[in-house]
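# Sequence isn't available, so here's the structure alone:
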Ligand code: SF4
């Protein structure tokens, strides 16, 4: 059963009489387990829907749905499939205590992998799940492989029950499913020869493996540091050499690099990032692969639409990782807008200084940095702020009103990234 959370006014769902709280039980007699069942089974132009209204009345609807007309029904959030692994490097386990409860949920959910690109390990799949993946063609899936050697993978996942990943991928691939994969690189465990084996096995699975990213392990101050450590710069360079070797082979045989190092791997290695064209459609950018180049392409694409900001000073907040690259990005925006950008690099006060990603900066640290920046910036010259990544200027300025420039209206620029 799935439950309705909201119904769009004027929609087909509203015309049927569906309201928030309605329980949707079955479509054409097939029980609804979750949002996937609902979306796939109700996609037909005609179906019978069995439901129970909030008052307890059981109803059956003969639904005729003109092609392309959405039902306008939003479901309550699904129950997240929990992770059965216990990786030493788990970022969720690396959270400090006292944060809101959802931040401690370790999800490992193939449904969210399909829908949102969350990486899943496929270690908790039941036969019924596999049938659904094939029936609904949940593809591509995003899969954390880490290592194809079963022993190494089980050790990394701290899960002696983890099924072998290569047969799993091969079986699903044979039924038309494709994958974006990742290897979180843990020094001494799945680097070196193990990385070669993993990349070789994945490459030999053929074109169903759309890409593989190699991502350096990231730890917080609260991670199990007695059991796992970060990569040294020379280990990152060695990994990039292997990535380059497989990318060269893929370019020759498939016409695209296929194997990508995460931006962080280049940054930690002290190596320059590949050009934007290297990343194709940037399909793993949410995983920090090509994210910097993607940002640059977005800025370049928006050049003609950027406003004239001559005379404006704009503070840009970011984490230490992007601190080295942002000057180049900002120079491009400054050249178009005439604004003066001032970079504010913020250390992560929540997870510790080893976490340098802008997206993981806590809002309080961003806010404190902006307040300090504002104090040290002449009000006459400070007409706007641009905060990366998690707090908008509007949000910040509402709590920290500053004086507008004398004789001019205050201008605001906000962005996220
Ligand atoms: S697979 Fe590992 S890293 Fe991912 S949620 Fe589970 S324990 Fe954490």
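Now that the structure is in, tell me what you want to look at. As the structure is a computational prediction, the values presented were derived from the model and not from experiment.

# wait, doesn't residue 307 sit right on residue 337?
Yes - between residue 307 and residue 337 a contact is recorded at 6.5 Å, counting by Cβ atoms under 8 Å. Backbone N, C-alpha and C define where each C-beta goes, glycine included.

# who has more neighbours, these two?
residue 337 (18 against 12; other Cβ atoms under 10 Å).

# Which residues of the chain lie near the ligand?
Applying Cβ under 6 Å from any ligand atom, we find that the chain lies next to the ligand at 83, 85, 86, 87, 90, 92, 106, 108, 121, 157.

# what are the ranges of the strands in the stretch 301-417 of the chain?
Here the stretch 301-417 of the chain has its strands, by DSSP state E, counting those that start in this stretch, at 313-319, 340-346, 382-387.

# would you list the ones you listed in CSV and tack on mean neighbour count?
Shown next, in CSV, are the strands of the stretch 301-417 of the chain (neighbours: other Cβ atoms under 10 Å):
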stretch, mean neighbour count
strand 313-319, 23
strand 340-346, 18
strand 382-387, 24
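
# Which of the three states applies to residue 137?
coil (DSSP: H, G, I helix; E, B strand; the rest coil).

# For the remainder of this discussion, apply numbering that starts at 575.
Let's use 575 as the start, then, which means that last one is residue 711.

# Which residue is the nearest non-sequential neighbour of it?
residue 750 (6.4 Å; Cβ to Cβ, 6 or more residues apart in numbering).

# Hmm, residue 708 and the one you found touching each other?
Yes - using Cβ under 8 Å, residue 750 is in contact with residue 708, at 7.4 Å.

# Do a quick rundown of the strands in this protein.
576-581, 597-601, 604-605, 620-626, 632-638, 647-649, 715-718, 753-759, 783-790, 833-835, 887-893, 914-920, 956-961 (DSSP state E).

# How far off centre is the fifth one?
Looking back up the chat, that one is strand 632-638. 38 Å (Cα atoms, centre = their mean, to the nearest Å).

# got the buried residues for that strand?
Applying a neighbour-count criterion of 16 or more other Cβ atoms under 10 Å, one finds 635, 637 buried in strand 632-638.

# Out of the strands of the chain, flag the one nearest residue 926.
strand 887-893 (12.1 Å; Cβ to Cβ).

# from the residues of the chain next to the ligand, which is closest to residue 721?
Of all those, residue 731 has the smallest distance to residue 721: 9.2 Å, by Cβ to Cβ.

# What is the neighbour count of the closest one?
24.

# Now do the same contact list for it.
Listed by Cβ atoms under 8 Å, 6 or more residues apart in numbering, the contact set of residue 731 reads 659, 660, 661, 695, 697, 720.

# give me that answer again for 6 Å
Neighbour list for residue 731: 659, 661 [criterion: Cβ atoms under 6 Å, 6 or more residues apart in numbering].

# most centrally placed residue in this protein?
residue 860 (4.0 Å; Cα atoms, centre = their mean).

# For it, which residues are in contact?
Residue 860 neighbours (Cβ under 6 Å, 6+ apart): residue 691.

# where does it land on pLDDT?
Looking at residue 860, its pLDDT stands at 91.

# Give me the contact list for the lengthiest helix in the chain.
Ranked by number of residues, the top helix in the chain under DSSP state H is helix 807-828. Helix 807-828 is contacted from outside by 759, 761, 765, 769, 773, 788, 831-833, 835, 839, 842-845, using Cβ under 6 Å, 6+ apart.
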